[in-house]
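I'll drop the sequence and a predicted model, then ask my questions.
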Amino acid sequence: MVARRRFILQAGASLLVTAGVQGCLQTSQISTQNQSTLKVSKTLADQIQERGHLKIVTEDDYPPFEFLLNGKPTGFNHELLTRLQQAVPFEIQQEIMPWQGLLPGVEQGKYDVALTAVGITDDRAKFLDFTSPIAESTIAYIKRKDDNSIQAIKSLSGKVLGVQQGGVSMAAIPDLEATLKEQGGRLGTVKQYRGFAEAYQDLLNKKLDAVLHNIVSLSVLVDEKPAIFALGERVSRKSYAAWAVKKGNRELLDLLNQFLQQQREQGELKKLQQDWLRITFEHLPKEPRLPGDRPIPS
């Protein structure tokens, strides 16, 4: 039986301890002596050799995908990262920071990979390339368990909602607004947060009526705190999460896709999904898809 992982409150505490650090919260070297089992193009190998390492960036507070526990990185993507290092012949340097700095850092070339559960969206596809999906990231909502005023999406009309600044939960607001309008309702106040720990706390303190987040993270939270939170319906079109690289970095993208395909075929991706996400995605597409299961234009 897979061991149940408990981390929601601990992750929030770690964020409070480290939030005072400017920019980067933690930098670590991940290195092994294992031989590569992946094909690395000469162009990519030369680039990495010149610099000395591949530089990836991860988020500090995004359970169950990645978070800090007692000051150390852990989570679904951290375990994949450990396996990736075992499969490549070069060093990987990891930088850990709040969400808001990840994608701009990759776009500007500061980092090679945003190795986190990046929701694939139309806007992001303009400046990023995505690997094959690692999970579904459709947006849903949670409410307080004892709040009987919210029973369905229509009940969100006029409510105060919490989302992550610059995240896919914020990107899902137009979908929700359109649905509410169709049902004769209206979008209420939307409050943006740097991280979800603060949003959940405001929900408990009745400063929010609901928090929007990906279905995986919310399902795990409700599973951990069933007497406090209740999971609501999906509020966005079906969408996926993947790792991201700068637009046009095909050699690196190909390497990462090789690795993820290897993890799929060996059953490791499914095991990690089951262990950390408490749900498995048997039929994830092999190519990145936009919300609504649409292909990304060439």
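Here it is on my side, so go on.

Using the record's assignment, carve this protein into domains.
8-136+239-295, 139-234 (automatic domain parsing).

which residues touch the helix or strand where Thr43 lies?
Per DSSP states H and E: Thr43 is located in helix 42-51. Residues from elsewhere that reach helix 42-51 (CB atoms under 8 Å, 6 or more residues apart in numbering): Val40, Leu54, Phe90, Glu251, Leu252, Leu255. In this view, the C-beta of every residue, glycine as well, is placed from N, C-alpha and C.

can you give me the strands in the stretch 51-200 of the chain?
For the stretch 51-200 of the chain, strands defined by DSSP state E, counting those that start in this stretch occupy the ranges 54-59, 61-62, 66-69, 72-74, 92-97, 113-119, 128-130, 135-136, 139-144, 161-164, 190-193.

looking at the chain, which helix or strand is least sure?
helix 8-18 (a mean of 31; mean pLDDT, DSSP states H and E).

buried ones in stretch 196-211?
Buried positions in stretch 196-211, judged by neighbour count with 16 or more other CB atoms under 10 Å: Phe196, Ala197, Glu198, Ala199, Tyr200, Asp202, Leu203, Leu208, Asp209, Ala210, Val211.

meant to ask about stretch 289-298, not that
Neighbour count says stretch 289-298 has Arg289, Leu290, Pro291 buried, by 16+ other CB under 10 Å.

got it, and stretch 94-104?
For stretch 94-104, by 16+ other CB under 10 Å, it's Gln94, Glu95, Ile96, Met97, Pro98, Trp99, Gly101, Leu102, Leu103.

Endpoint to endpoint, that stretch covers what distance?
This stretch, stretch 94-104, spans 16 Å end to end (CA to CA, to the nearest Å).

Now Ala87: closest residue in space, sequence neighbours ignored.
Thr37 (4.9 Å; CB to CB, 6 or more residues apart in numbering).

Just the pLDDT for that neighbour.
As predicted, Thr37 sits at a pLDDT of 76.

Just give me the neighbour total for Arg51.
13 (other CB atoms under 10 Å).

And the pLDDT at it?
As predicted, Arg51 sits at a pLDDT of 91.

and whichever strand or helix holds Ala242, which strands flank it?
Assigned by DSSP H and E, Ala242 belongs to strand 240-246. Strand 240-246 sits in its sheet next to strand 113-119 (antiparallel), strand 128-130 (antiparallel), strand 135-136 (antiparallel), going by DSSP bridges.

Run through who's touching the last one.
To tie it back to what came earlier, the one meant is strand 135-136. Contact partners of strand 135-136, identified using CB under 8 Å, 6+ apart, comprise 65, 76, 117, 214-216, 238-241, 273, 277, 281, 284.

quick one: which of the residues you listed has the most company?
Highest neighbour count within the contacts of strand 135-136, by other CB under 10 Å: Ala117, with 28 neighbours.

Quick one: residues contacting the nearest residue to it once chain neighbours are set aside.
Excluding the flanking residues, the one nearest Ala117 by CB to CB, 6+ apart is Ala241, at 3.8 Å. Residues near Ala241 by CB under 8 Å, 6+ apart: Phe65, Ala117, Val118, Gly119, Ile120, Pro133, Ile134, Ala135, Glu136, Ser137, Asn214.

ok, the third one - contacts?
Listed by CB under 8 Å, 6+ apart, the contact set of Val118 reads Leu102, Leu103, Arg124, Leu128, Phe130, Ala241, Ala242, Trp243, Ala244.

let's go with 10 Å and repeat that
Listed by CB atoms under 10 Å, 6 or more residues apart in numbering, the contact set of Val118 reads 59, 65, 99, 102-103, 106, 124, 128, 130-131, 134, 137, 167-168, 240-244, 288.

which intervals of this structure have sub-threshold pLDDT?
Along the chain, the parts satisfying pLDDT under 70 run over 1-36.

on that earlier part again, taking the buried residues of stretch 196-211 together, which two end up most distant?
Using CB to CB, the buried residues of stretch 196-211 span at most 18.0 Å, a distance reached by Ala197 and Asp209.
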